[in-house]
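Enquirer: Got a predicted model here, sequence first, then my questions.
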Amino acid sequence: MPQLHFWLVRGSQWHGAYAILQGDETYYSAYINALIDGRPRRNDPFTGQDDHPQSPMFESLFSIQFIPPYAIALFARALGFSASTAFIVLAGAVGLLTSLAVFWLLASVTGDSKFAAIGVLVVLCLGAVAGGQGWIGLILKSDAMFAGQLYLRRYLPATAFPLFFVYCALIYQALTITSKRAATVRAVLAGIALAVLIFSYFYLWTAAAAWLFCIALLWLILRPFDRRATIRLLIIASAPVILALALYAYLLSQLPPALDKAQALTFTHSPDLLRIPEIIGAFILAMLIINVRRGKLLLSAPQVIFAASFGLLPFLVFNQQVITGRSIQPYHYEVFIANYAILIGLVLLVKLLKPTVSRRALLVTASLCFLWGAIEVNQQFKIRLTFDVTNDEMIPVFLRLKELAKSDGTWEGLHNSGKAPALVFSPRYGVSRLLPTWAPQGSLLASGSAAFQSLSQTERKEWLYMHFYYCGREAEYLRELLNNRTDDIPLAYFAKSTIFGNERALLFLGWNTLAIRQDEIEQEVRAYEGFAKSFSREQAQTRPLAYAVTLADEPFDFSHLDQWYERDGGERIGGYKLYRLKLRE
């Protein structure tokens with residue numbers, strides 16, 4: 001729906017942009033573009049850096065979770081697709097594959113294909129509601145951040161998302177199928193699926209592992225007559241996972257030392273018991289217990305245990321820190337997997353309590369779920385449409401930069417030293433953010449470098465100040481930006497996260513995180529003022545520029561930039577103007 005609507009709005013003026021569902025997608029499409037271009041697994045497309053013997057790079061969460069991006073990049077390269085086109089195809093493909101995976105899981109457990117088909121709509125269309133997000137979340141919670149179909153965020157969690165439900169279905173079949181050989185095959189396939197998830201998305205594989213713990217514990221306790229066979233199957237399913245975890249542990253050891261802070265790792269033993277998936281989980285467990293005590297359900301029945309395992313899952317993923325003492329952005333579980341998993345449990349509960357559901361009830365449920373899903377998506381892309389149009393208007397200048405990369409030393413620098421010498425400056429934050437999705441040059445602002453962990457926080461802050469300096473911004477501008485007194489909300493967030501850290505720019509990332517104080521803002525304003533007054537040629541040389549991109553019909557003060565660079569007359573490309581820069585002697 002978002003892409004179709006975007007195409008209708010743009011018509012013949014469409015330049016190739018994909019309709020963005022969530023802001024982080026630009027990081028992912030940038031990495032995909034780099035892989036399509038044949039760059040190494042460890043790279044930072046925002047700074048224009050590649051892993052190279054002369055400039056080796058640490059692992060990043062992008063390079064460790066490599067299976068989805070390589071699958072997409074190889075597919076795109078084979079068909080001659082851009083990263084943007086691949087993302088357009090991916091949204092539809094993931095919707096289809098996830099629907100099939102959820103259907104297979106529900107049909108395997110319930111044995112009712114019609115009910116399973118309606119269950120697909122319940123699980124996928126109400127996922128945002130179950131995660132405390134979407135439009136109901138935005139009304140009821142001040143910290144709700146997401147709308148639309150959350151699982152479709154490309155490529156994480158989207159690409160590997162169906163595999164979670166495939167894994168659950170395989171485990172269920174392995175535990176319940178009568179043929180020992182067939183059960184073994186499914187256990188092996190389940191182990192391979194989890195191994196793939198390990199190198200796909202952290203929150204999916206840890207949720208899958210937590211669910212396995214829940215189902216295994218319940219199965220061993222409630223079905224003692226199956227205990228020997230259950231242990232055998234669990235060992236078989238764990239073998240591929242152990243091998244994958246060994247490699248995963250090695251890759252984790254190659255991460256940069258500052259990653260814990262960048263990912264808002266929190267050290268706490270505090271319980272977390274009031275999230276919406278946990279409330280739904282408590283309801284599922286309570287209803288199962290009540291009906292077992294009334295004799296309506298058999299406690300050892302596989303369907304009952306399966307529903308209970310999904311009811312327990314949220315409590316485990318949101319409270320593992322009680323034992324481990326470590327929590328890392330638990331809201332990802334709430335919006336990307338626990339919310340959907342708990343709806344699986346809720347659908348199974350309904351089937352257990354009401355084995356026969358009328359055709360009319362099924363049709364009404366399907367219609368309401370589909371309608372709500374459409375409302376969630378429709379409102380979201382109406383809000384983002386202006387941003388998408390702005391992004392699409394940038395693409396002609398990006399394509400020109402991609403063409404110039406063949407002659408400006410970008411590819412030569414990446415191949416010979418791992419660094420692109422041709423960097424791009426633009427006063428438009430959106431240009432720096434979207435550039436790597438289309439062209440290989442790095443940018444001065446390097447807006448996604450924190451995600452790739454290729455720069456220290458000190459370097460990122462210095463380059464942010466350099467960007468403001470070239471833009472001719474006074475200290476008062478930074479003060480207004482850090483106080484959110486601006487229309488450029490994305491840049492305000494980027495500035496705060498660069499200077500103070502992600503966990504303080506978005507308080508919901510961590511536990512009991514301190515809000516940014518006014519005296520800290522004033523300290524940074526003074527620091528920038530001193531930086532701008534003492535700016536020198538030596539500082540300009542630390543990040544030499546090759547291009548400047550500005551709006552063609554909007555005046556820009558080049559005085560600071562012209563002090564250090566020679567600038568040509570510029571080339572108008574669509575609504576933008578591209579200047580070539582050369583550092584003055």
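Expert: Yep, it's here. Residues are numbered from 1 along each chain as shown.
Enquirer: May I ask which helix or strand of the protein has the lowest mean pLDDT?
Expert: Every helix and strand of the chain was ranked by mean pLDDT, DSSP states H and E. The lowest is helix 259-262, at a mean of 58.
Enquirer: Residues contacting stretch 374-389, please?
Expert: For stretch 374-389, contacts defined as Cβ atoms under 8 Å, 6 or more residues apart in numbering pick out 1-2, 5-6, 9-10, 17, 19-21, 125, 128, 134-135, 147-149, 430. (C-beta placed from N, C-alpha, C; glycine too.)
Enquirer: switch the cut-off to 10 Å
Expert: Residues from elsewhere that reach stretch 374-389, judged by Cβ atoms under 10 Å, 6 or more residues apart in numbering: 1-6, 9-10, 13-14, 17-23, 125-129, 133-136, 138, 146-150, 152, 391, 430, 490.
Enquirer: which of those are buried?
Expert: Among the contacts of stretch 374-389, those scoring as buried are 2-3, 5-6, 10, 17-22, 125-129, 133-136, 138, 146-150, 152, 391, 430 (criterion: 16 or more other Cβ atoms under 10 Å).
Enquirer: Show me the shaky parts of the stretch 351-500 of the chain.
Expert: The stretch 351-500 of the chain contains no residues with pLDDT under 70.
Enquirer: ok, which stretches of it are strands?
Expert: 423-425, 442-443 (DSSP state E, counting those that start in this stretch).
Enquirer: Those: which one's closest to L312?
Expert: The closest of the strands of the stretch 351-500 of the chain to L312 is strand 442-443. By Cβ to Cβ, the value is 46.0 Å.
Enquirer: Check which strands are paired with that closest one and give the direction for each one.
Expert: Within its sheet, and counting by DSSP bridges, strand 442-443 is paired with strand 423-425 (parallel).
Enquirer: got the residue ranges for the strands in the stretch 151-300 of the chain?
Expert: In the stretch 151-300 of the chain, the segments counted as strands under DSSP E, counting those that start in this stretch are 265-267.
Enquirer: List the residue ranges of it that fall below the pLDDT cut-off.
Expert: Within the stretch 151-300 of the chain, the ranges that satisfy pLDDT under 70 run 258-264.
Enquirer: ok, 80 please
Expert: Counting by pLDDT under 80, the ranges of the stretch 151-300 of the chain that qualify are 257-265.
Enquirer: for it, what spans make up the helices?
Expert: 161-176, 180-198, 202-222, 227-253, 259-262, 276-293 (DSSP state H, counting those that start in this stretch).
Enquirer: Mean neighbour count, the ones you listed: which tops it?
Expert: Neighbour counts (mean count of other Cβ atoms under 10 Å) averaged over each of the helices of the stretch 151-300 of the chain peak at helix 161-176, with a mean of 24.
Enquirer: Which strands and helices lie in contact with it?
Expert: Helix 161-176 is packed against helix 67-79, helix 83-110, helix 180-198, helix 202-222, helix 227-253, helix 302-317, helix 338-353, with contacts defined by 3 or more Cβ pairs under 10 Å, 6 or more residues apart in numbering; DSSP states H and E.
Enquirer: Go through these and name the closest to T458.
Expert: Ranking the helices and strands packed on helix 161-176 by proximity to T458 (Cβ to Cβ) places helix 227-253 first, at 24.0 Å.
Enquirer: now the angle from the closest one to helix 161-176?
Expert: If you take axes from the mean of the first three to the mean of the last three Cα atoms, to 10 degrees, helix 227-253 sits at 150 degrees to helix 161-176.
Enquirer: other SSEs contacting helix 227-253?
Expert: So helix 227-253, by 3+ Cβ pairs under 10 Å, 6+ apart, packs with helix 61-64, helix 161-176, helix 180-198, helix 202-222.
Enquirer: Quick check: pLDDT value at N512.
Expert: Per-residue pLDDT puts N512 at 65.
Enquirer: and A34, which of the strands of the stretch 351-500 of the chain is closest to it?
Expert: Closest to A34 of the strands of the stretch 351-500 of the chain is strand 442-443 (Cβ to Cβ; 11.0 Å).
Enquirer: re earlier: among the contacts of stretch 374-389, which are in helices?
Expert: Counted as lying in helices by DSSP state H, out of the contacts of stretch 374-389, are 2-6, 9-10, 125, 127-129, 134-136, 138, 391, 430, 490.
Enquirer: and the gap between the residue lying closest to I32 once chain neighbours are set aside and G430?
Expert: Leaving aside its sequence neighbours, I32 sits nearest to A83 (Cβ to Cβ, 6 or more residues apart in numbering; 4.3 Å). Note on A83: its distance to G430, by Cβ to Cβ, to the nearest Å, is 17 Å.
Enquirer: gap between the longest strand anywhere in the chain and the chain center?
Expert: Across the chain, the longest stretch assigned as strand under DSSP state E is strand 576-583. In terms of Cα atoms, centre = their mean, to the nearest Å, the centre of strand 576-583 is set 33 Å apart from its chain centre.
Enquirer: and D392, what does it touch?
Expert: Per Cβ under 10 Å, 6+ apart, neighbours of D392: 6, 9-10, 13-19, 84, 434, 574.
Enquirer: try 8 Å this time
Expert: Shown in contact with D392 (Cβ under 8 Å, 6+ apart): 6, 10, 13-17.
Enquirer: Redo those residues as CSV? Include pLDDT and distance to G345.
Expert: Output for the contacts of D392, formatted as CSV (pLDDT from 0 to 100; distance: Cβ to Cβ, whole Å):
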residue, pLDDT, distance to G345
F6, 93, 36
R10, 94, 42
Q13, 95, 47
W14, 97, 42
H15, 97, 44
G16, 96, 41
A17, 97, 38
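Enquirer: now the helices of the stretch 151-300 of the chain in TSV, with distance to R77?
Expert: Output for those, formatted as TSV (distance: least, Cβ to Cβ, whole Å):
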stretch	distance to R77
helix 161-176	22
helix 180-198	21
helix 202-222	25
helix 227-253	24
helix 259-262	29
helix 276-293	38
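Enquirer: Which residues belonging to stretch 515-531 are considered buried?
Expert: Buried residues in stretch 515-531, defined by neighbour count with 16+ other Cβ under 10 Å: 516, 521, 524-525, 528-529, 531.
Enquirer: Can you name the residues in contact with that stretch?
Expert: Against stretch 515-531 from outside (Cβ under 8 Å, 6+ apart): 462, 465, 468-469, 475-476, 478-479, 482-483, 496, 499-500, 504-505, 507.
Enquirer: What is the most widely separated pair among those?
Expert: Greatest spacing in those, by Cβ to Cβ: Y469 and L507 (29.5 Å).
Enquirer: okay, these two: which has more neighbours?
Expert: Y469 (19 against 15; other Cβ atoms under 10 Å).
Enquirer: my read: that one touches S534, true?
Expert: No. Contact criterion Cβ atoms under 8 Å: Y469 and S534 do not qualify, at 10.4 Å.
Enquirer: tell me the centre residue of this structure?
Expert: Closest residue to the average C-alpha location of the chain: L156 at 4.4 Å, with Cα atoms, centre = their mean.
Enquirer: In contact with that residue: list those residues for me.
Expert: With contact taken as Cβ under 8 Å, 6+ apart, L156 is in contact with 24, 28, 65, 68, 200-201.
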